[in-house]
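Participant: Need a 3D model of the sequence below.
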Amino acid sequence: QVQLVESGGGLVQAGGSLRLSCAASGRTLSTYVMAWFRQAPGKEREFVAAISRTAGWTNYADSVKGRFTISRDNAKNTVSLQMNSLKPEDTAVYSCAASISFYSNYDRYNYWGQGTQVTVSS
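Facilitator: Residues are numbered from 1 along each chain as shown. Next up, the predicted model:
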């Protein structure tokens, strides 16, 4: 079992940056592939980014490629999402998730944080 808690969301103007963090407790984070998902009002939850257990590879949704960077620090049991050049369409609740393997489908992830709101104003 692993418990995940996100932080770092907030309100930012278009073109600005935010850094989200996901802190884990319980089982060590290095056991899991970690991912970020987001869900905007009235929309399906969508994949944003993922990182392998040792950070050997990362994967991004096309909509955030080149703007967002996922990273992890297994010693600190944290995963981060650096978001630059934010757009109003990035507005959503962002959640981190853990899985034994990589999937882009949210329903394959076993553990979730409560989410943090990101709002980008135009």
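Participant: which residue is nearest the middle of the chain?
Facilitator: For the chain, Trp36 is the residue whose C-alpha lies nearest the centre (Cα atoms, centre = their mean; 2.4 Å).
Participant: Please name the bridge partners of it.
Facilitator: Ala49, Cys96 (DSSP bridges).
Participant: show me the contacts for it.
Facilitator: Residues counted as contacts of Trp36 (Cβ atoms under 8 Å, 6 or more residues apart in numbering) are 20, 22, 48-50, 70, 79, 81, 94-97. From N, CA and C alone the C-beta is placed, and that goes for glycine too.
Participant: if we go to 7 Å?
Facilitator: Trp36 makes contact with 48-49, 70, 81, 94, 96, according to Cβ atoms under 7 Å, 6 or more residues apart in numbering.
Participant: Over to Leu29?
Facilitator: 2, 72, 74, 77, 79.
Participant: Lowest-confidence one in those residues?
Facilitator: Across the contacts of Leu29, no position has a lower pLDDT than Val2, which has 91.
Participant: where's it relative to Ser85, distance?
Facilitator: Relative to Ser85, Val2 is positioned 31 Å away (criterion: Cβ to Cβ, to the nearest Å).
Participant: These two - which one has more neighbours?
Facilitator: Under the neighbour definition other Cβ atoms under 10 Å, Val2 and Ser85 were set side by side, and Val2 has more, 16 against 13.
Participant: how near is the more buried one to Tyr106?
Facilitator: Val2 sits 17 Å away from Tyr106, taking Cβ to Cβ as the criterion.
Participant: swap in Ile100?
Facilitator: Between Ile100 and Tyr106 the distance is 15 Å, computed by Cβ to Cβ.
Participant: Also Gly15?
Facilitator: Computed with Cβ to Cβ, the distance linking Gly15 and Tyr106 is 28 Å.
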